[in-house]
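# The sequence isn't on hand, but the structure is:
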């Protein structure tokens, strides 16, 4: 086990699948024993888990979720933004929940920390391999939120089938945990996607990037087919935070231009 920043990282060769390429445990242990060891090692580090029917999320995202929070036992799909997916974890993590990220080897833990995810209560399994489903199921038993990137599938074939999603959903409800998928997920409670974005801070050949304004759209059966959209900084100035874009009062741009002209006249 190694530590990336303060996050706990489990590699295949250590715990979650001490299996060879043929699918056999080289130490003679059954797959179930290896998965149970993963659970035991996380429980030994875990101090608390939020026991509630609703887990808080980032305040800027509350309006994009049914009931304004992550529902225990629920599943959520995020398209187009790892930052957006991590932001969903922020509220629960800040409140003391343990979270896990499975199958995202290029995750930036410093960016996660900047978004408000507590690395002391974050478990990373970057390379679950063929044991992806077993690892996710094991983590659902011991952490409050699991962020997953489903394994690749053939073109035109869903990454996760209805049967697999149904089994995991049943386990999520039993454990009152939440699953957030980077990519589509069958029958998700809400599907969030970045539908438009533009970086700010760069002019005509000068300046540097300071943040990205994005339109995030959420679709849910709870809203009777009427998607909701919010304009967000994703990330905001400084490169890490997520916050709502505040509309400038009508006439503010004209007032700014007039103020600059007045200063020029005074200088002149």
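Sure, I can see it. This structure is a prediction, so every number in the text was calculated from the model and none was measured.

# going forward, measure contacts between C-alpha atoms and count neighbours the same way
OK.

# Low-confidence stretches in this protein?
Under the criterion pLDDT under 70, the flagged ranges of the chain are 1-6, 11-39, 41-52, 153-158, 201-210, 238-240, 248-268.

# so the closest residue to residue 81 other than its chain neighbours bridges to which residues?
With CA to CA, 6 or more residues apart in numbering as the criterion, residue 81 has its nearest non-adjacent residue at 6.9 Å, and that residue is residue 194. Beta-bridge partners recorded for residue 194 (DSSP bridges): residue 216.

# Enumerate every residue touching residue 194.
Neighbour list for residue 194: 79-81, 214-217 [criterion: CA atoms under 8 Å, 6 or more residues apart in numbering].

# can you map out the strands along the chain?
2-4, 7-9, 54-55, 70-71, 75-79, 99-102, 122-125, 145-148, 178-182, 190-202, 207-219, 228-233, 243-244 (DSSP state E).

# In TSV, list those strands along with distance to residue 162.
Compiled in TSV, the strands of the chain are given as follows (distance: least, CA to CA, whole Å):
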stretch	distance to residue 162
strand 2-4	34
strand 7-9	30
strand 54-55	25
strand 70-71	20
strand 75-79	13
strand 99-102	20
strand 122-125	24
strand 145-148	16
strand 178-182	14
strand 190-202	16
strand 207-219	19
strand 228-233	26
strand 243-244	34
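
# which residue ranges form the helices in the stretch 1-150 of the chain?
Using DSSP state H, counting those that start in this stretch, the helices of the stretch 1-150 of the chain run over 31-45, 82-94, 109-114, 132-140.

# burial count for the nearest residue to residue 218 once chain neighbours are set aside?
With sequence-adjacent residues excluded and distances taken as CA to CA, 6+ apart, residue 218 is closest to residue 192, at 4.4 Å. The burial metric for residue 192, expressed as a neighbour count using other CA atoms under 10 Å, is 27.

# when you give positions from now on, start the count at 259
Sure, I'll start counting at 259 from here, so that last one is residue 450.
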